[in-house]
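1. Sequence first, then the predicted structure:
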Amino acid sequence: MIRKFKVSQTSFHISCTFLHKKVSHFVQHHPKNQKGNEAVVFSNKCFYPDVYTCTKTIQSYVRNNRADDALKLFDEMPVRDVVTWNTMIKGCLDCGNVEVAFKLFDEMPERNVVSWTTMVSGLLMRGMMDVAECLFMEMPMKDEAAWNSMIHGYFINGKVEEAVRLFHKMPSRSVISWTSMISGLDQTGKSDEALFLFKHMLLCGVRPTSMTFSSVITACANVKNLHLGREIHGHVVKLGYFSDTYITAPLITFYAHCKDIDSCCKVFNEKAHDSVVVWTSLLSGYGLNCKHEHALEVFSDMFKANVLPNQSSFTSALNSCCELEALDRGKEINGAAVKLGLEADVFVGNSLIVLYTTCGNINDGLSVFKVIAEKNIVSWNSMIVGCAQHGYGTWALILFNQMIRYEVSPDDITFTGLLSACSRSGMLNKGRHIFNFLLNYKSVKVKLEHYACMVDILGRNGRLNEAVELVKNMPMEPNTSLWLALLSACKVHSNLKLAETAAEAIFNIDPNCSAAYTLLSNLYAFAGRWNDVSRIRGVMKNKGIMKEPGLSWVNFKGSRHEFLSGDRSHPMTTEIYEKLEWIREKLKGLGYVPDQMFALHDVEDEQKETSLLYHSERLAICFALICSVEGSTITVMKNLRVCGDCHSVIKLIAKIVEREIVVRDSSRFHHFKDGFCSCCDYW
DNA sequence: GTAGGGTTAG
């Protein structure tokens, strides 16, 4: 009887009768190796197949994450050669068992250049630069592969200069050395230099391989070099590399970066693809070009083509949902991720946090955050920024304390999130504490936006003099955003003198800053200085500076329903205005009197809307009340900040209809419930 | 026949 056991690419015909006679415990397991073939485990102490077969089995074990079985077989083998030792060392390094790899490397009777290179590469992959460098220095002989390993390792550890130095120092260079350099430079943000080196390589007469072209096309994408990219495209077609997924995917990405979506489709449609990477290239290509509906169509088509999306596909699709504010579709995709076992994936999770928090659903964002198995800095930052957007300052600080306990190092984005959380929650002392912590935290460089946040915190809390002192003493030049934070604070605390100084500083940087003109005009209006109001409006008119019209919208059943102030264009206008009238009566019953200041004096932040009653957000809320399920939370988006009167009215509406109303304005989220708003009237 | 070096989407 002949049974056929396939090991790696080779087929073995083993006589089972023969083996059964000599081996007491024969086949225990049949681990699948990468090729899907079967390997056989021999653990008998009397007989072992030849060294070659055992070595292949060790390799299969390692590829199936069964390092312990690999080590057991290795220990039991009566005879090993240098290849067996090297295979076992590589297996230990791949599984992260550096200690055992070192032990084997020390114990092995005879080392060759492969043993040394295996150790060096493995250590470099694990970021152990110093040890790898020492071993590389100690190598008794170095061939080209050894030099190439070290160059690649320097790049993956961000040591660009060292990689370049070694490349020039190495005795001879092959196309692999050149390709390592090109991809390494590209991946460390030096795509221009990568392309320069590619041209130099051609001048040196080195023939590129498909791998070289793959990296070169990616570099062309990163620098948006349409001319060179097209030229390379022509070459790869002539050379027959076109069906190579390592060529197709970067080509699609290249055309997407160059905003040539037609060419993306053309490349994609050349043949049927079963590569998830190629599909994801197209999906993200549409996203890059703001064609998010198309992106989501590609995501659906993947399933129809029996190509299962992976974490990258989900990340791109969820990003498109976020851009479309398509919460319902995002939830469906979340469900698909759960079905595919990607629920705890950090990349998918991070995208979901951003989606949920951006669409007003902070609690779902937090649920996703909790499920992520290995949270990274992006997870923590996304959650902290999400809390900041919703004004959940205390939560943001709790998360910060947790991340410190988990020994995750905060970065500049963490501190921007924390400071804006303090600002939006009115937490003056906590904000000061965080800012001082940042000033003394050596690992993060303090940026302009951190100062802008601190100016905002101080300004909102009426500490205008302190804010001015901070601006005077900061180590960099303030920008318009920072001055606008101060100007806004001047408006809240009616400090016209300082406002004029801030506005002047803004106009020196940006003479057409619409927001500054509007804020200043509103300040003059509050002070009753109508001549100055007219003067500012005159300047704006002469300069052709337009105020952005107030626009609110509701996403309902996959469509976006937009409303301008006093809008009557929506098909449900009659019902909306009836609802509005119903609310007006109810408000009257509660004794509500409109604050005419908001209507008469153009005091709304950026925009005067003709009548308080018909402000865009009120129309959007009425539409949402009519269309949504009774009792459910409704979410409304607005491009400008909610005006003070609308803010008071929405609090009452939430109480009247006994529902939570979430409003995302240009500043933050407001959660209205039971007559209160989560911003505590501080926004 | 087995071991070490370069490539794609996010």
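-> Sure, I can see it.
2. pLDDT (mean, whole number) over stretch A:201-218?
-> Averaged across stretch A:201-218, pLDDT comes to 97.
3. Could you list the low-confidence segments of chain A?
-> Within chain A, the ranges that satisfy pLDDT under 70 run A:1-47, A:595-611.
4. Quick check: buried residues in stretch A:500-516?
-> For stretch A:500-516, the neighbour count (16 or more other CB atoms under 10 Å) marks A:500-503, A:505-507, A:513, A:515-516 as buried. Any C-beta I mention is one placed from the backbone N, CA and C, and that applies to glycine too.
5. elements contacting the helix or strand where residue A:357 lies?
-> Element membership of residue A:357, judged by DSSP states H and E, is helix A:346-358. Helix A:346-358 is packed against helix A:311-324, helix A:327-339, helix A:362-371, helix A:377-389, with contacts defined by 3 or more CB pairs under 8 Å, 6 or more residues apart in numbering; DSSP states H and E.
6. what sits up against the third one?
-> Outside helix A:362-371, the residues within contact range by CB atoms under 8 Å, 6 or more residues apart in numbering are A:334, A:343-344, A:349, A:352-353, A:356-357, A:375, A:379, A:382-383, A:386-387, A:390, A:392, A:395, A:669.
7. Send over the strand or helix carrying residue A:181 as PDB, restricted to the C-alpha atoms.
-> Element membership for residue A:181 (DSSP H and E) is helix A:175-187. Output of helix A:175-187 as PDB, limited to C-alpha atoms (Å, rounded to 0.1, in the frame of the first residue of the first chain):
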ATOM      1  CA  VAL A 175      19.100  44.100  -7.700                       C
ATOM      2  CA  ILE A 176      17.900  42.900  -4.200                       C
ATOM      3  CA  SER A 177      20.200  45.500  -2.600                       C
ATOM      4  CA  TRP A 178      18.900  48.200  -4.800                       C
ATOM      5  CA  THR A 179      15.300  47.200  -4.300                       C
ATOM      6  CA  SER A 180      15.800  47.200  -0.500                       C
ATOM      7  CA  MET A 181      17.100  50.700  -0.700                       C
ATOM      8  CA  ILE A 182      14.300  51.900  -3.000                       C
ATOM      9  CA  SER A 183      11.500  50.400  -0.900                       C
ATOM     10  CA  GLY A 184      13.200  51.400   2.400                       C
ATOM     11  CA  LEU A 185      13.600  55.100   1.300                       C
ATOM     12  CA  ASP A 186      10.000  55.200   0.100                       C
ATOM     13  CA  GLN A 187       8.600  53.700   3.300                       C
END
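8. what does that helix contact?
-> Applying CB under 8 Å, 6+ apart, the contact partners of helix A:175-187 are A:144-145, A:147-148, A:151-152, A:154-156, A:160, A:163-164, A:167, A:170, A:191, A:193-194, A:197-198, A:201, A:206-209, A:211-212, A:215-216, A:218-219, A:222.
9. Buried members of those into ChimeraX, please.
-> To isolate the buried members of the contacts of helix A:175-187 in ChimeraX, using 16+ other CB under 10 Å:
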select /A:147,148,151,152,154,155,160,163,164,167,170,191,193,194,197,198,201,206,208,211,212,215,216,218,219,222
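10. and the contacts of helix A:175-187 near DNA strand B, which?
-> For DNA strand B, the contacts drawn from those by CB under 7 Å from any atom of the strand are A:144-145, A:148, A:152, A:209, A:211-212, A:215, A:218.
11. Nearest to DNA strand B among the helices and strands packed on helix A:346-358 would be which one?
-> Among the helices and strands packed on helix A:346-358, the nearest to DNA strand B by CB to the nearest atom of the strand is helix A:311-324 (3.3 Å).
12. coming back round to it: write the ChimeraX selection for whichever of the contacts of helix A:362-371 are buried.
-> The buried residues among the contacts of helix A:362-371 can be selected in ChimeraX (16+ other CB under 10 Å) with this line:
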select /A:334,343,349,352,353,356,357,375,379,382,383,386,387,390,392,395,669
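13. quick revisit: and the buried residues of stretch A:500-516, which is closest to residue A:324?
-> residue A:515 (26.6 Å; CB to CB).
14. sec struct for that closest one, please.
-> Per DSSP: H, G, I helix; E, B strand; the rest coil, the local secondary structure of residue A:515 is helix.
15. can you dump the C-alpha coordinates of stretch A:248-263 into CSV?
-> Provided in CSV are the C-alpha atoms of stretch A:248-263 (Å, rounded to 0.1, in the frame of the first residue of the first chain):
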residue,chain,number,x,y,z
THR,A,248,-1.7,45.8,-10.0
ALA,A,249,-2.4,46.9,-6.4
PRO,A,250,0.3,49.7,-6.4
LEU,A,251,-0.8,50.8,-9.9
ILE,A,252,-4.4,51.3,-8.7
THR,A,253,-3.1,53.2,-5.7
PHE,A,254,-0.8,55.2,-7.9
TYR,A,255,-3.6,56.4,-10.2
ALA,A,256,-5.8,57.0,-7.2
HIS,A,257,-3.2,59.3,-5.6
CYS,A,258,-3.0,61.1,-9.0
LYS,A,259,-6.8,61.6,-8.9
ASP,A,260,-7.1,59.5,-12.1
ILE,A,261,-9.9,57.2,-11.0
ASP,A,262,-10.7,56.2,-14.6
SER,A,263,-7.3,54.6,-14.9
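16. Which of the residues in stretch A:333-346 are classified as buried?
-> Buried, per 16+ other CB under 10 Å, within stretch A:333-346: A:333-334, A:336-337, A:340, A:342-343, A:345-346.
17. ok, which pair from those is furthest apart?
-> Top of the distance list for these (CB to CB): A:336 and A:346, 17.4 Å.
18. could you point out which element follows the strand or helix carrying residue A:99?
-> Using DSSP H and E, the element containing residue A:99 is helix A:98-107. Next in sequence after helix A:98-107, counting helices and strands by DSSP H and E, comes helix A:113-125.
19. Kind regards, and thank you for your time.
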